[in-house]
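Engineer: can you look at this prediction? I've put the sequence above it.
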Amino acid sequence: MKDLIKICAFLTAVMTAVLVPMMSYGGASVKFRHVMSIYADDKGLSLKQPEGVACNEASFLIVADTGNGRLLRYTFQNNDLKTGTVEIKVPQLSYPISTQMNSKGQIYALDGKQRRIVRLTPEGKFINYLDPTGLPAPASYAPRSFIIDVNNNIYILDILSRRVLVLNPSGEYQRHIEFPKDFGFLSDLAVDFKGNVFLIDSTNAVVFTAAKDSMKFSALTGKLKQYMRLPTSITTDKRGRIYLVDRNGSRIIILGQDGSFLGRLSGQGWKDGLLNHPSNMCINSKGEVFIADTSNSRVQIFTALE
Amino acid sequence: MDKSYTFMHKSLAKGKGCLNCHDPHFSNRLGFLLKKDAPALCLECHNTDKPFFKKKHMNYAVADSNCISCHNPHGSDMKGILYAAAHKPVSEKKCAECHAGPQSKTPLKVKKQGNELCRQCHKDMMDKTFSKNRVHWPLVDNVGCLNCHGPHATKQKKLLKGPVANVCGTCHSDTIELQKLSIDNPKNDKLCEPVKSGNCVICHSPHASDNILLMSKPSSLELCGECHKWQTHSTHPIGEKAIDKRNKNLTVDCLSCHKSCGTGNNPGMMHFASTYEMCIQCHLDRRR
């Protein structure tokens, strides 16, 4: 009888662990299945309040391990991490808060302390700072976030001069898009597979969009405060769906291409599958989802189920 | 309204008193049943073309400015009925420290953008702020310090635009809503004082910090320990050696069970609606 109770308790725990991450609301068209969580590097040094993740089709995952002042490069294949984590620690990058990769595997990271973007080789050697050239007045800028598109163009969310700067892969100014007229605070940007640019207004929970080559943002959604608390990060998938990371709500919000609300995933908690002040999310074309679960000091990996 | 001001607005003692500015029954203005908004209301009595007025405003054309961003419309202990907390360049009439000269084509234009303007005088504070790992992002946007502080004069200490919770709530309305819910919740009779008073800056550093969520101390044990003797709070394992059973990268601290900014309807600022629900997160064998 005791064994039976133990088995039941074990099954309950397993079911909870598996199903909780898939809890969703509002008829979400996508659900997440928890695959695994990353708690440490190969040497066993624990992650500390990671804030950024970057992923690509080559199975590379870069983690901005913010609290430890380093980047970590993992290989995630066949639902598992391969051995050989690369620790990237350079003096020019003391406090990485977000990271990106271009098609050549070069790594970019925004340093939160200096508010400068650092460019590194795929192996993690410092190349240079990404200092945009040829900027029109005002020449000063403050990057809150950045993104790299499929053509390796770099988009910088410049909160000082209220614009999105578009640079070519060499960092030369190409064009800019002025911020919309009315907004609260813009925290992040995304570019979808069509080249449309998206902004997330954290305080008003509004998504803005500018079509490819457009010079103007317009509101894609109204205020979505009823669905989220403080969305601070935005990304898109191969179908153009929009994912918002609700930092204070510890959830992922899913919107359709047209900005319609599709659902919410996960929720606040400490166990695998649940989130605590998540900062950033990356989804690749294979539907692998990586979330910087900041206050839980880990990165969680999910599979997106259609 | 405080009638003990040294300098009262003269219109209070003239004509219809309060009704010079307010309509007792209705108004289509946003606040305070005002007959008109400033500056139109103020200009009914104050002639901006008079040499005295111009001199008092250092010859700046302020006719279109919002008078009550500097002046308390009822009275003040400061000359010129300026709000009690006046920025030094304002009280010393040194407008040109920040603005272009009064004869300039754009006299009210500020000399520098964002926090660079304030850095002219507040260099040490700025250097200290920007030496931290993370700054409060609004500080580096084009509004900078003025996202939270008034440039001229305000009712609040440190030239804040309003009470702390109101200022923080401009962007963090979700957190302030929870805080308000927590105050109204009768189960929360032991609500943490900073939450009860809406004084966010007791626990958070509003400019910059080396810590996550701009906490003023690296650990909640240290932070909460400033007011709470948590060592006497319970004998529950806590601290660096107590690994959180739910997550091996975390140790047990105050935030393992309590939510620092309030939890709305939950008692004792807990993450969950009941103690039982909270405890079984780790003590799985105690599940009923």
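Structural biologist: All right, it came through fine.
Engineer: where does chain B have its least confident helix or strand?
Structural biologist: When each helix and strand of chain B is scored by mean pLDDT, DSSP states H and E, helix B:230-233 comes last, with a mean of 68.
Engineer: the helix or strand following that one and chain A in contact?
Structural biologist: As assigned by DSSP states H and E, the chain's next helix or strand after helix B:230-233 is strand B:239-243. No: counting by C-beta under 8 Å from any C-beta of the partner chain, chain A is not contacted by strand B:239-243; separation bottoms out at 10.8 Å. Where C-beta positions appear, they are placed from N, C-alpha and C, glycine not excepted.
Engineer: does anything pack onto strand B:239-243? Which helices or strands?
Structural biologist: For strand B:239-243, the packing partners by 3 or more C-beta pairs under 8 Å, 6 or more residues apart in numbering or on different chains; DSSP states H and E come out as strand B:251-252.
Engineer: for the very next helix or strand once past the strand it packs on, C-alpha coordinates in CSV please.
Structural biologist: Using DSSP H and E, the helix or strand that follows strand B:251-252 towards the C-terminus is helix B:254-257. Taking C-alpha atoms only, helix B:254-257 is exported to CSV below (Å, rounded to 0.1, in the frame of the first residue of the first chain):
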residue,chain,number,x,y,z
CYS,B,254,12.5,36.3,2.3
LEU,B,255,11.3,36.3,-1.3
SER,B,256,11.0,32.6,-1.4
CYS,B,257,7.7,32.9,0.5
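Engineer: which residues belonging to helix B:254-257 are considered buried?
Structural biologist: Across helix B:254-257, burial judged by 16 or more other C-beta atoms under 10 Å in any protein chain shown covers B:Cys254, B:Leu255, B:Ser256, B:Cys257.
Engineer: can you redo the residues you listed as JSON lines with pLDDT?
Structural biologist: JSON lines is the format used below for those (pLDDT from 0 to 100):
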{"residue": "B:Cys254", "pLDDT": "92"}
{"residue": "B:Leu255", "pLDDT": "94"}
{"residue": "B:Ser256", "pLDDT": "94"}
{"residue": "B:Cys257", "pLDDT": "93"}
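Engineer: which one of these sits closest to A:Arg116?
Structural biologist: B:Leu255 (31.6 Å; C-beta to C-beta).
Engineer: re the thing from before, among the buried residues of helix B:254-257, which are in reach of chain A?
Structural biologist: Counting by C-beta under 8 Å from any C-beta, no member of these is near chain A.
Engineer: so is stretch A:176-190 next to chain B?
Structural biologist: Yes: Stretch A:176-190 reaches chain B (C-beta under 8 Å from any C-beta) through A:Gly184, A:Phe185, A:Ser187.
Engineer: count of residues packed around the residue nearest to B:Val135 when sequence neighbours are not counted?
Structural biologist: Once flanking residues are discounted, B:Val135 sits nearest to B:Ala208: 4.3 Å by C-beta to C-beta, 6 or more residues apart in numbering or on different chains. Neighbour count of B:Ala208, defined by other C-beta atoms under 10 Å in any protein chain shown: 19.
Engineer: ok, the one 10 residues further on next?
Structural biologist: Around B:Pro218 sit 13 other residues, with neighbours defined as other C-beta under 10 Å.
Engineer: next one: phi and psi at the residue lying closest to it once chain neighbours are set aside?
Structural biologist: Nearest residue to B:Pro218, sequence neighbours excluded (C-beta to C-beta, 6+ apart): B:Asn211, at 5.1 Å. Phi and psi for B:Asn211, reported as degrees, to the nearest 10, are phi -110, psi 160.
Engineer: following the helix or strand of chain A with the lowest mean pLDDT, which helix or strand comes up?
Structural biologist: The helix or strand of chain A with the poorest confidence is strand A:24-25; it has a mean of 40 (mean pLDDT, DSSP H and E). Per DSSP H and E, the first helix or strand lying C-terminal to strand A:24-25 is strand A:31-38.
Engineer: now that following strand: mean pLDDT?
Structural biologist: Average pLDDT, strand A:31-38: 96.
Engineer: do it and chain B meet?
Structural biologist: No: using C-beta under 8 Å from any C-beta, strand A:31-38 stays clear of chain B, with a minimum separation of 8.7 Å.
Engineer: can I get stretch A:60-71 in CSV, CA atoms only?
Structural biologist: Taking C-alpha atoms only, stretch A:60-71 is exported to CSV below (Å, rounded to 0.1, in the frame of the first residue of the first chain):
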residue,chain,number,x,y,z
PHE,A,60,23.7,27.2,-31.1
LEU,A,61,22.3,28.9,-28.0
ILE,A,62,24.0,32.0,-26.5
VAL,A,63,23.1,32.9,-22.9
ALA,A,64,23.8,36.3,-21.5
ASP,A,65,24.6,35.1,-18.0
THR,A,66,24.2,38.7,-16.6
GLY,A,67,24.9,38.2,-12.9
ASN,A,68,28.2,36.3,-13.7
GLY,A,69,29.2,38.9,-16.3
ARG,A,70,29.7,36.4,-19.1
LEU,A,71,28.2,34.8,-22.2
